[in-house]
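# give the three-dimensional model of this entry:
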Amino acid sequence: MSQVNLIYERLRAESSITNEAILRSLIDYDLNSDEKKRKIDGENYYNNQNTAILEKKSKEYKIFTEHKIPTGFYKEIVDQATSYCVGKEIIIENLKDDKVIDINDFIYDLYLEARKKGISWLYMYIDRLGNLKYKIIDSIEIIPIYDTEFEDELLQVIRYYKMLVVENDQEYFRYKVEVYDKEKVSYYMENEKGEFFFDLAIQSNPIFYNSNKFMSLGKTDRIENFGWGVVPFIPLRNNKEDVYDLQIIKSHIDLFDELISGFANNISMFQEAILKVKDRGAQDWEEFWFLLKKYGIITCDDVSPTGDIDFLKVDIPYEARKVFIDIIRDLIYETAQAVDTRKLSEGNITNVVIKSRYSNLDLKADAGLRQLKSFIYQLYEFVNIYKKLKNQPLEDVENLKAIFNKKMIFNDSEIIEGIVKSDGIISKKTNISNHPYVTNIDDELEQIEEEEAQYKDEPDPEPKLVIEEVV
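This next block holds a predicted model:
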């Protein structure tokens with residue numbers, strides 16, 4: 001059982017504990033949990049706010065600007081995996097009605113969120129016009145509560161976030177809490193003491209997800225409230241363990257940031273000559289630097305014959321550092337199962353080499369796509385709940401088939417050369433479907449037929465008289 005579920009069950013077992021106290025305990029635990037910190041790290045590192053280097057304590061004594069340089073590896077790795085898996089349109093075969101919801105409208109952003117933080121959440125609701133709508137909710141705001149036996153049934157979702165409150169002309173940030181179950185959503189607010197209370201300012205709190213009005217003689221006779229029968233949140237997991245992509249490479253990125261920042265600091269430190277001063281006499285260091293900076297002169301002890309000054313040259317070990325930086329860079333991509341696109345531009349690389357370099361990314365993608373398939377089935381099961389309310393034909397969820405078109409970089413000239421050689425050996429449709437410049441196969445075939453018909457109808461040009469002069 002997860003720690004959150006364990007705390008929840010223990011608190012529920014105590015009859016004296018109120019719902020408000022349970023919420024306070026769960027939120028306090030979640031705010032300080034390692035899982036929450038990892039999600040925040042995922043957001044920060046994706047936005048190039050690498051906390052390890054940016055929050056590193058500066059040296060107490062420094063004579064130069066101390067650089068703290070975060071690198072953007074994580075954003076590149078997350079974007080690459082997202083684009084590879086869902087950068088192209090997902091095709092859902094055997095779908096009867098694609099007008100209720102189109103997964104391609106939101107799947108890129110939802111999958112990106114799962115890559116960044118390990119899991120993402122899609123909230124489903126009906127708008128005022130009766131249409132099924134969705135909203136992507138930040139997983140940092142979510143505490144899921146599952147059943148205690150197998151933890152595969154979602155019982156509740158607690159969403160909490162800060163909002164601005166004005167009291168006595170003073171502005172404060174307080175937590176607002178929304179508790180979703182299978183039938184309704186309940187709203188709570190935090191007071192100045194940090195306690196939660198049931199928000200009576202919201203009319204009809206708790207609010208049911210759906211309602212039916214029954215009319216009689218033009219007037220509302222009664223209103224029947226009802227829920228979905230399930231919690232209207234659908235999780236998309238990055239993998240089975242909800243591990244985010246930063247978890248296995250954070251230490252590598254932090255080391256790379258440290259190396260790059262240290263290298264920049266060395267350059268800043270040694271960009272000016274180091275002076276070796278011998279017997280400067282009674283002159284203090286402030287006067288010494290003033291004369292040097294303003295007039296370009298220095299004085300040494302004119303009494304001692306040993307007074308002197310030398311300019312020291314410091315060589316920065318560039319080559320050794322560069323080799324080590326390259327090693328860490330390779331380790332980041334290898335551990336992350338990502339593709340270093342910089343290496344794809346090295347000479348005339350064949351598609352065989354490109355595919356081999358995509359092999360690790362492909363393995364990682366397969367784990368993510370298995371979770372995406374599970375999400376798609378849950379999504380259309382929820383769509384069926386909506387369609388049942390609307391008396392519309394249901395989808396055969398078990399018969400749905402999701403087709404993913406992975407987005408890989410190819411050597412286009414090599415592909416085109418192979419297509420030309422295959423002309424007449426395989427079908428025209430198969431050949432065209434593999435052409436890198438074709439986006440819609442049916443449109444392309446139709447266009448070819450139109451052009452062939454046009455050329456066929458055109459009369460052959462009249463033969464020209466050619467006179468050869470024999471010498």
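
# how many other residues sit next to Phe256?
Using other CB atoms under 10 Å, the number of residues around Phe256 comes to 23. C-betas here are computed from N, CA, C, even on glycine.

# centre of the chain to whatever helix or strand it lives in, how far?
Under the criterion of DSSP states H and E, Phe256 resides in helix 250-270. Centroid separation between helix 250-270 and its chain, computed with CA atoms, centre = their mean, to the nearest Å, is 25 Å.

# list the contacts of that helix.
41, 45, 50, 52-53, 63-71, 73-74, 246, 314, 316, 321, 324-325, 328-329, 331-332, 335 (CB atoms under 8 Å, 6 or more residues apart in numbering).

# send the alpha carbons of it over as PDB?
This file holds the C-alpha atoms of helix 250-270, laid out as PDB (Å, rounded to 0.1, in the frame of the first residue of the first chain):
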ATOM      1  CA  LYS A 250      19.700  14.000 -12.300                       C
ATOM      2  CA  SER A 251      23.100  13.400 -10.700                       C
ATOM      3  CA  HIS A 252      24.700  13.300 -14.200                       C
ATOM      4  CA  ILE A 253      23.200  16.600 -15.200                       C
ATOM      5  CA  ASP A 254      24.200  18.100 -11.900                       C
ATOM      6  CA  LEU A 255      27.800  17.000 -12.400                       C
ATOM      7  CA  PHE A 256      27.800  18.400 -16.000                       C
ATOM      8  CA  ASP A 257      26.500  21.700 -14.700                       C
ATOM      9  CA  GLU A 258      29.200  21.800 -12.100                       C
ATOM     10  CA  LEU A 259      31.900  21.100 -14.700                       C
ATOM     11  CA  ILE A 260      30.700  23.800 -17.100                       C
ATOM     12  CA  SER A 261      30.200  26.300 -14.300                       C
ATOM     13  CA  GLY A 262      33.700  25.500 -12.900                       C
ATOM     14  CA  PHE A 263      35.200  25.900 -16.300                       C
ATOM     15  CA  ALA A 264      33.600  29.300 -16.700                       C
ATOM     16  CA  ASN A 265      34.800  30.300 -13.300                       C
ATOM     17  CA  ASN A 266      38.400  29.400 -14.100                       C
ATOM     18  CA  ILE A 267      38.300  31.500 -17.200                       C
ATOM     19  CA  SER A 268      36.900  34.500 -15.200                       C
ATOM     20  CA  MET A 269      39.500  34.000 -12.600                       C
ATOM     21  CA  PHE A 270      42.500  33.800 -14.900                       C
END
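
# mind listing what's buried in that helix?
250, 252-261, 263, 265-266, 269 (16 or more other CB atoms under 10 Å).

# same thing with stretch 38-58?
38-39, 41-46, 50, 52-53.

# and the two most separated of these?
Lys39 and Ile53 (19.6 Å; CB to CB).

# Lys116 contacts Asp245, doesn't it?
Yes: using CB atoms under 8 Å, Lys116 is in contact with Asp245, at 7.3 Å.

# overlap of the contact sets of those two?
Contacts common to Lys116 and Asp245, judged by CB under 8 Å, 6+ apart, are 42, 78.

# just for the stretch 51-200 of the chain, where's the confidence low?
Within the stretch 51-200 of the chain, the set of residues satisfying pLDDT under 70 comprises 59-65, 149-150.

# all strands for it, in order.
Ranges of strands within the stretch 51-200 of the chain are 91-93, 119-126, 132-137, 142-146, 154-167, 170-180, 184-190, 196-198, based on DSSP state E, counting those that start in this stretch.

# Tyr111 is nearest to which of these?
Of all these, strand 119-126 comes closest under CB to CB, at 7.4 Å.

# within its sheet, name the partner strands of the closest one and how each one runs.
strand 132-137 (antiparallel), strand 233-237 (antiparallel) (DSSP bridges).

# just the C-alphas of that strand, formatted as CSV.
The C-alpha trace of strand 119-126 is given here as CSV (Å, rounded to 0.1, in the frame of the first residue of the first chain):
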residue,chain,number,x,y,z
ILE,A,119,2.4,10.9,-14.3
SER,A,120,-0.2,13.3,-15.7
TRP,A,121,-4.0,13.7,-15.1
LEU,A,122,-6.9,14.4,-17.4
TYR,A,123,-10.0,15.7,-15.8
MET,A,124,-13.3,15.0,-17.7
TYR,A,125,-16.5,17.1,-17.4
ILE,A,126,-19.6,18.3,-19.3
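
# what are the buried residues along it?
Within strand 119-126, the residues that count as buried by 16+ other CB under 10 Å are 119-124, 126.

# count of residues packed around the residue nearest to Thr335 when sequence neighbours are not counted?
For Thr335, ignoring the flanking residues on the chain, the nearest one in space by CB to CB, 6 or more residues apart in numbering is Ile249 at 5.2 Å. The tally of other residues near Ile249 (other CB under 10 Å) stands at 22.

# quick check: pLDDT value at Ile249.
Ile249 is assigned 96 on the pLDDT scale.

# quick one: contacts for it?
73-74, 77, 332, 335-336.

# ok, 7 Å please
332, 335-336 (CB atoms under 7 Å, 6 or more residues apart in numbering).

# low-confidence ranges, the stretch 201-350 of the chain, go.
213-222, 268-285, 288-289, 291-317, 344-350.

# Ala338 sits in which helix or strand?
Here Ala338 is assigned to no helix or strand, by DSSP H and E.

# same question for Ile376.
helix 359-389.

# that helix versus strand 233-237: what angle between them?
170 degrees (axes from the mean of the first three to the mean of the last three CA atoms, to 10 degrees).

# can you give me the mean pLDDT across helix 359-389?
93.

# the next helix or strand after that helix pairs with which strands, parallel or anti?
Following helix 359-389 in sequence order, the next helix or strand is strand 401-403 (DSSP H and E). Next to strand 401-403 in the sheet, as set by DSSP bridges, lie strand 91-93 (antiparallel).

# now the strand it pairs with: buried residues?
Ile92.

# contacts for it?
103, 400-403.

# in helices only, show me the buried residues of stretch 38-58.
By the criterion of DSSP state H, membership of the buried residues of stretch 38-58 in helices covers 38-39, 41-46, 52-53.

# let me have these in a markdown table, extended by distance to Tyr108.
Below are those laid out as a markdown table (distance: CB to CB, whole Å):
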| residue | distance to Tyr108 |
| --- | --- |
| Arg38 | 22 |
| Lys39 | 19 |
| Asp41 | 22 |
| Gly42 | 17 |
| Glu43 | 17 |
| Asn44 | 21 |
| Tyr45 | 20 |
| Tyr46 | 15 |
| Ala52 | 29 |
| Ile53 | 29 |
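
# that older thread, okay, the strands of the stretch 51-200 of the chain in CSV with distance to Ile376 next?
Shown next, in CSV, are the strands of the stretch 51-200 of the chain (distance: least, CB to CB, whole Å):
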stretch, distance to Ile376
strand 91-93, 7
strand 119-126, 11
strand 132-137, 13
strand 142-146, 19
strand 154-167, 17
strand 170-180, 22
strand 184-190, 25
strand 196-198, 36
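
# any idea which of these gets closest to Leu389?
Nearest of these (CB to CB): strand 119-126, 8.3 Å.

# between the contacts of Ile249, which sits nearest Lys88?
The closest of the contacts of Ile249, once distances to Lys88 are taken by CB to CB, is Ala336, at 21.8 Å.

# before we move on, back to that, most packed of the strands paired with strand 119-126?
strand 233-237 (a mean of 20; mean count of other CB atoms under 10 Å).
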